[in-house]
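Novice: Got a sequence here, can you model it:
(chains A and B)
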2 protein chains.
Amino acid sequence: MNNVINEINQRLENILSQYPDSKVKEAMYYSLKAGGKRIRPLIVLQVIRAYGLDYRKYIDIACALEMIHTYSLIHDDLPGMDNDDLRRGKPTCHKQFGEATAILAGDGLLNEAVNIILQTNLDDSLKLSLVSCLYTSSGINGMILGQEYDIENEDKKLSKETLDKIHHYKTGKLLSCAFQMGALIASPNDLEILKQIGYKIGLAFQIQDDILDVTSDAKTLGKNTGSDEANHKETYVTLLGIENSQKEVDLLFNEAQQLVYSLTLNHGLILEIIEKLWKRVR
Amino acid sequence: MNNVINEINQRLENILSQYPDSKVKEAMYYSLKAGGKRIRPLIVLQVIRAYGLDYRKYIDIACALEMIHTYSLIHDDLPGMDNDDLRRGKPTCHKQFGEATAILAGDGLLNEAVNIILQTNLDDSLKLSLVSCLYTSSGINGMILGQEYDIENEDKKLSKETLDKIHHYKTGKLLSCAFQMGALIASPNDLEILKQIGYKIGLAFQIQDDILDVTSDAKTLGKNTGSDEANHKETYVTLLGIENSQKEVDLLFNEAQQLVYSLTLNHGLILEIIEKLWKRVR
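Specialist: Got it, this is the predicted structure:
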């Protein structure tokens, strides 16, 4: 998998190098290369590999997804949103480049992801379905709605159902999109199952974030810990405690594994990602 | 033209009504319906009409363009950018809904414009060329680059060439896009001439903005006047004075008119827009 990650990083660098020089390009580049785990693009390409296709033809699709993810982090960190100083162990985009350029860098990534997909030489209908999948998952019926739910529910006592709903939109939609994009490219008939795998992993991933926010430290995590408590955010940990939250994580990853086994593909390549996420410490 | 504007407004309302209820949807709606002049969507549809096509099939395309324009205004007004309190005579989006929701409302409009185009029943290849035109004009080679140039050049003494470059990207790209989208739908062979008409009108429009910022008042303009001086921005007026700036405006609109006459279409429909813009007081 590390080779694939290197290829994603290399391609992101190439994409950015084509833009006209400006501070906003530097800011986009800074946030894109700031040590992200590349989980979402990796999922797209591993799903494609698992069906026996050559993933190299689709690296740009994976990069477009990572650009959308990165834009959401830049805007999430802004003073008007979560006001975070540290991301992936480095100053956040607005800390490094100023707020105006950070806003534009986020806008730029959200704007250019579609252009990256359009510039590939894939079939018109595949381009359209990939763009639709990506921008539906990230939009006002997806990630952006989740971010809004998150803001609206700060300082509130929440039920597990409400928390699940927030996570489903805020984290699940884009993580599931990674699996769906792989399915659209390699095996559209399996779209529904891969979508469900994505939602389960997305929820598990978010619960892990809640756990790591109280059990980890800023050095390991690359961002400030204790931020949920500081922001008066209800989390899985405040609702269920650490132990029961971890049980939920294990259950969800287990269910995702079972769904993977129900598909006809190279299971190992998908299970490798699940394993990597399950054991993550940052 | 007023009928067309009403239809655009009605369709924008319908589009928004399909989104799940949330504060971010309200904020998107608030900014979209806050009395915009609808210049860009109107251009798209008037160009289509001028070629004898039924514009009603393409209202969604015009709406997508207006959504991109509105997102740029919301983000431009943010405290981290121009920090404006008033827009179109009303409190700006962040003044009304808070900064976090305003950031998300802008993101939402930028995100959803592509989905609107994808959901039309136009041919795949036309959808792709329209999306490409829109997101290239608005992106890191277009409007966003112009916004970055604008920020980088605050408090600086500028040449007319630099000012023209800023205007070309910040205003010209999206205004020209309106003419280009009309061309892509109705007469792709005329794309280049319509593009040039758009750039000339875009520059004239921006110089008018510079003039109105010193000659108009907040009530007429619907936003605070004198903001360029307050932001220490070099403008056409500070460079050339009001009279010479107006001469430049007249020259550009005249050139645009001549280009319109070089095309085979219903000239009156395009000249009607040029006239309307030429005489605008807000």
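
Novice: rest of the way, CA atoms for contacts and neighbours
Specialist: Fine.

Novice: For stretch A:168-187, list the C-alpha coordinates in CSV.
Specialist: Extracted C-alpha coordinates of stretch A:168-187, given in CSV (Å, rounded to 0.1, in the frame of the first residue of the first chain):
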residue,chain,number,x,y,z
HIS,A,168,-23.1,9.5,9.3
TYR,A,169,-23.1,12.8,7.4
LYS,A,170,-19.9,14.5,8.6
THR,A,171,-17.6,11.5,8.3
GLY,A,172,-19.5,8.6,6.8
LYS,A,173,-20.6,10.2,3.6
LEU,A,174,-17.2,11.0,2.2
LEU,A,175,-15.6,7.8,3.5
SER,A,176,-18.4,5.8,1.9
CYS,A,177,-17.9,7.8,-1.3
ALA,A,178,-14.4,6.4,-1.5
PHE,A,179,-15.8,2.8,-1.7
GLN,A,180,-18.6,3.9,-4.0
MET,A,181,-16.2,5.5,-6.5
GLY,A,182,-14.2,2.3,-6.5
ALA,A,183,-17.4,0.4,-7.2
LEU,A,184,-18.5,2.8,-10.0
ILE,A,185,-15.2,2.2,-11.7
ALA,A,186,-14.7,-1.5,-11.2
SER,A,187,-18.1,-3.2,-10.3
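
Novice: That one: how far from the chain's middle?
Specialist: 10 Å (CA atoms, centre = their mean, to the nearest Å).

Novice: ok, which stretches of the stretch 1-150 of chain A are strands?
Specialist: A:86-87, A:90-91 (DSSP state E, counting those that start in this stretch).

Novice: now, of those strands, which is deepest in the fold?
Specialist: Comparing the strands of the stretch 1-150 of chain A by mean neighbour count (mean count of other CA atoms under 10 Å in any protein chain shown), strand A:86-87 comes out on top with a mean of 18.

Novice: residues from the stretch 101-250 of chain A in reach of chain B?
Specialist: A:101, A:103-104, A:107-108, A:110-112, A:114-115, A:118, A:124-125, A:128, A:132, A:135-136, A:138-141, A:144-145, A:147-149, A:151 (CA under 8 Å from any CA of the partner chain).

Novice: from the residues you listed, which would you call buried?
Specialist: When these are checked for burial by 16 or more other CA atoms under 10 Å in any protein chain shown, the buried set is A:101, A:103-104, A:107-108, A:110-112, A:114-115, A:118, A:128, A:132, A:135-136, A:138-141, A:144-145, A:147-149, A:151.

Novice: Take those and keep only those in helices.
Specialist: A:101, A:103-104, A:107-108, A:110-112, A:114-115, A:118, A:128, A:132, A:135-136, A:138, A:144-145, A:147-149, A:151 (DSSP state H).

Novice: one step back: can you say which of the strands of the stretch 1-150 of chain A is nearest to chain B?
Specialist: Closest of the strands of the stretch 1-150 of chain A to chain B is strand A:90-91, at 17.4 Å (criterion: CA to the nearest CA).

Novice: Listing partners with orientation, what would you give for that closest one?
Specialist: Neighbouring strands of strand A:90-91 in its sheet, by DSSP bridges, are strand A:86-87 (antiparallel).

Novice: What average pLDDT does the partner strand get?
Specialist: Throughout strand A:86-87, pLDDT has a mean value of 88.

Novice: Report the distance from that strand to the chain centre.
Specialist: With CA atoms, centre = their mean, you get 16 Å for strand A:86-87.

Novice: and what of stretch A:89-103?
Specialist: 20 Å.

Novice: What residues of it count as buried?
Specialist: With burial defined by 16+ other CA under 10 Å, the residues of stretch A:89-103 counted as buried are A:89-95, A:97, A:99-103.

Novice: Against residue A:24, how distant is residue A:96?
Specialist: Distance, residue A:96 to residue A:24, by CA to CA, to the nearest Å: 11 Å.

Novice: ok, now residue A:226?
Specialist: Residue A:226 sits at a distance of 31 Å from residue A:24 (criterion: CA to CA).

Novice: So if I had to pick from those two, which one is more boxed in?
Specialist: residue A:24 (28 against 17; other CA atoms under 10 Å in any protein chain shown).

Novice: Could you measure from that one over to chain B?
Specialist: Applying CA to the nearest CA, to the nearest Å, the value for residue A:24 to chain B is 7 Å.

Novice: Stretch A:5-15 and chain B, are they touching?
Specialist: No - for stretch A:5-15, no contact with chain B is found by CA under 8 Å from any CA; the gap never falls below 11.8 Å.

Novice: tell me the mean pLDDT for that stretch?
Specialist: Per-residue scores along stretch A:5-15 average to 96.

Novice: Stretch A:109-121 too?
Specialist: Stretch A:109-121 comes out at a mean pLDDT of 98.

Novice: Kindly report the same for stretch A:147-164.
Specialist: Rounded mean pLDDT across stretch A:147-164 is 91.

Novice: gap between it and the chain center?
Specialist: The answer for stretch A:147-164 is 20 Å, by CA atoms, centre = their mean.

Novice: can you list contacts of that stretch?
Specialist: Around stretch A:147-164, the neighbours that count as contacts under CA atoms under 8 Å, 6 or more residues apart in numbering or on different chains are A:166, A:169-170, A:203, A:231-236, A:239, B:22-24, B:100-101, B:104.

Novice: try 10 Å this time
Specialist: A:72, A:76, A:81-82, A:140, A:143-146, A:165-172, A:203, A:206-207, A:228, A:231-236, A:238-240, B:22-25, B:100-101, B:104-105 (CA atoms under 10 Å, 6 or more residues apart in numbering or on different chains).

Novice: What is the end-to-end distance of that stretch?
Specialist: 13 Å.

Novice: Show the low-confidence segments of the stretch 151-282 of chain A, by residue range.
Specialist: A:218, A:221, A:223-224, A:231 (pLDDT under 70).

Novice: And the helices in it?
Specialist: Applying DSSP state H, counting those that start in this stretch to the stretch 151-282 of chain A gives helices spanning A:160-167, A:173-186, A:191-215, A:218-221, A:227-230, A:236-261, A:267-278.

Novice: The second one relative to helix A:191-215, how many degrees between them?
Specialist: It refers to helix A:173-186. Interaxial angle, helix A:173-186 versus helix A:191-215 (axes from the mean of the first three to the mean of the last three CA atoms, to 10 degrees): 150 degrees.

Novice: which secondary structure elements does helix A:173-186 contact?
Specialist: Counting by 3 or more CA pairs under 10 Å, 6 or more residues apart in numbering or on different chains; DSSP states H and E, the packing neighbours recorded for helix A:173-186 are helix A:39-50, helix A:59-77, helix A:124-138, helix A:143-152, helix A:191-215.

Novice: Which other helices and strands does the third one contact?
Specialist: With contacts defined as 3+ CA pairs under 10 Å, 6+ apart, helix A:124-138 has these neighbours: helix A:59-77, helix A:99-118, helix A:143-152, helix A:173-186, helix B:99-118, helix B:124-138.

Novice: and it, average pLDDT?
Specialist: The average pLDDT for helix A:124-138 rounds to 98.

Novice: quick revisit: name the residues contacting each of residue A:96 and residue A:24.
Specialist: A:30, A:102.

Novice: what residues are up against residue A:146?
Specialist: A:138-140, A:152, A:165-173.

Novice: Give me the buried subset of those residues.
Specialist: Buried among these by 16+ other CA under 10 Å: A:138, A:139, A:140, A:165, A:166, A:167, A:168, A:169, A:170, A:171, A:172, A:173.

Novice: I'd like those laid out as JSON lines, including distance to residue A:267.
Specialist: Formatted as JSON lines, the buried ones among the contacts of residue A:146 follow (distance: CA to CA, whole Å):
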{"residue": "A:138", "distance to residue A:267": "28"}
{"residue": "A:139", "distance to residue A:267": "31"}
{"residue": "A:140", "distance to residue A:267": "33"}
{"residue": "A:165", "distance to residue A:267": "29"}
{"residue": "A:166", "distance to residue A:267": "30"}
{"residue": "A:167", "distance to residue A:267": "26"}
{"residue": "A:168", "distance to residue A:267": "25"}
{"residue": "A:169", "distance to residue A:267": "27"}
{"residue": "A:170", "distance to residue A:267": "27"}
{"residue": "A:171", "distance to residue A:267": "24"}
{"residue": "A:172", "distance to residue A:267": "22"}
{"residue": "A:173", "distance to residue A:267": "23"}
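
Novice: Thanks a lot, catch you later.
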